[in-house]
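Colleague: mind folding the following:
(one chain, ligands or ions: 1)
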Amino acid sequence: MSLTLADARIVTPEGVHDGWLTIEDGRITHVGHGAAPRAGHSLGGRHVVPGFVDLHNHGGAGGSFPTGEQDRAREAVALHERHGTTTMVASLVTGALDDLARATSSLAELCDDGLLAGIHFEGPYISRARCGAHNPGLLREPSPREFGELLKAGRGHVRMLTIAPELPGALETIRMAAAEGVLAALGHSDATYEQTLAGIEAGATVATHLYNALPPLGHRAPGPIAALLEDERVTIELINDGVHVHPAMLRLAYEVAGPARTALITDAMAAAGMGDGTYVLGSMDVIVTDGVARLAEGDSIAGSTLTMDVAFRRAVQEVGLTLSEAVQLTSLTPARVLGVADRAGSIAVGKAADLVVLSDELEVAGVMKRGAWVVEP
Ligand SMILES: [Zn+2]
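Modeller: I've put the predicted structure just below:
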């Protein structure tokens, strides 16, 4: 079955052009300029961007990936799909090893089904001093042997491990993760500049939500932020919700790292797509007020209620990026990090037909995943 989408303003990393595209069996088979050679579904001159790729997401629509409940996870995935995310990683938080293994083997089945693109362990190998919304009582010293057990539960679907490089056993665990094809991400860390460099040398390639849960930049003690920003091997995650990171600091990071090393993430939790109220994140109670999630005890920010369409829109309207720059941060760069850029991350022949149609105000007007409309424009 073939479908032509005509009268589109197609956004690629190289630029924006008026054109059309053809989709067959869930894949993009032609991308053309100007008028379509045959009648198609007109998009009325609206922008089309590649489906968003979210590397760091704890849930939505009331569902929380750390519980491992498949029905609730499906609802969370569906919520984020309606907001344009067509590839997403499910992030777990610090928990007891048994609970982590159980949630992992449950979510691995959703990875088998293609609903999730992988599983991310944000903890338990993180710093007590920078644990944010993670349960400090369940933090552990990194251990390659123990992490190997969690990898087994994931049956090849564990894609990322957030780890604090200064902890005993961290460098061995980073080396082991990298050797197993798991992205080692440095974050929730109190490391010095030098300890961070050691983590990168050991094989870490991602910075978990840069700025958040890290010591601030200091001119005599640059700390992990400077090390992660300046190293060409590292891709930085940023939560672009206007709460976690000030737009000026987001621009600063982007100026240093550039579009090929910057990935916008949601870090969304169960309240995404829901109203204010009381939720849980792992074993911690969270209260959401005016869309901002904070621990019920203390005032740590506890994930976000962000969706990728809002992250994209803010990148253009609040941060000042062009559409072509923004699609790199929300699709292509995270797809490359995940190792799925051969099939996702941009509008190109041969890739999956994962598309988002946007209104002039950059609101979602349509979403297609693998050639099927999730939201029909
Ligand atoms: Zn998170």
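
Colleague: what's near enough to touch the closest residue to the ion within the chain?
Modeller: Ranking the residues of the chain by distance to the ion (CB to the ion) places residue 267 first, at 4.3 Å. Backbone N, C-alpha and C define where each C-beta goes, glycine included. Counting by CB atoms under 8 Å, 6 or more residues apart in numbering, residue 267 makes contact with 56-58, 91, 209, 239, 244, 303-304, 306.

Colleague: and it, backbone torsions?
Modeller: phi 50, psi 30 (degrees, to the nearest 10).

Colleague: how close does it sit to residue 322?
Modeller: 24 Å (CB to CB, to the nearest Å).

Colleague: check residue 23 too.
Modeller: 26 Å.

Colleague: these two: who's more crowded?
Modeller: Neighbour count, other CB atoms under 10 Å: between residue 23 and residue 322, residue 23 has more, with 23 against 14.

Colleague: which SSE is that one in?
Modeller: Secondary structure assigned from DSSP states H and E places residue 23 in strand 15-24.

Colleague: name the next helix or strand downstream of that strand, please.
Modeller: Next in sequence after strand 15-24, counting helices and strands by DSSP H and E, comes strand 27-33.

Colleague: list the buried ones in that following strand?
Modeller: 27-28, 31-32 (16 or more other CB atoms under 10 Å).

Colleague: quick one: average confidence on it?
Modeller: For strand 27-33, mean pLDDT rounds to 97.

Colleague: could you export it as CSV, CA atoms only?
Modeller: The C-alpha coordinates for strand 27-33 follow below in CSV (Å, rounded to 0.1, in the frame of the first residue of the first chain):
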residue,chain,number,x,y,z
ARG,A,27,8.8,3.3,5.1
ILE,A,28,9.6,6.5,3.2
THR,A,29,10.2,5.6,-0.4
HIS,A,30,10.4,9.1,-2.1
VAL,A,31,11.1,12.6,-0.9
GLY,A,32,10.4,15.2,-3.6
HIS,A,33,10.5,18.9,-4.1
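
Colleague: and the contacts of it?
Modeller: 2, 10, 17-23, 347-353, 371.

Colleague: which of the residues you listed count as buried?
Modeller: Neighbour counting over those (16+ other CB under 10 Å) leaves 10, 19-23, 347, 351-353, 371 as the buried ones.

Colleague: as CSV, the residues you listed with pLDDT would be great.
Modeller: What follows is those, written out as CSV (pLDDT from 0 to 100):
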residue, pLDDT
10, 98
19, 97
20, 98
21, 97
22, 97
23, 98
347, 98
351, 98
352, 98
353, 98
371, 97
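
Colleague: return the member of these nearest to residue 335.
Modeller: Minimum distance to residue 335 across the buried ones among the contacts of strand 27-33 is 9.1 Å, recorded for residue 351 (CB to CB).

Colleague: packing partners of whatever helix or strand residue 99 lives in?
Modeller: Per DSSP H and E: residue 99 is located in helix 97-112. In terms of contacts (3 or more CB pairs under 8 Å, 6 or more residues apart in numbering; DSSP states H and E), helix 97-112 is packed against helix 70-82, strand 85-93, strand 118-122, helix 144-154.

Colleague: the second one to helix 144-154, inter-axis angle?
Modeller: Looking back up the chat, that one is strand 85-93. Here the directions of strand 85-93 and helix 144-154 differ by 140 degrees (axes from the mean of the first three to the mean of the last three CA atoms, to 10 degrees).

Colleague: what pairs with strand 85-93, and is each one parallel or antiparallel?
Modeller: strand 52-57 (parallel), strand 118-122 (parallel) (DSSP bridges).
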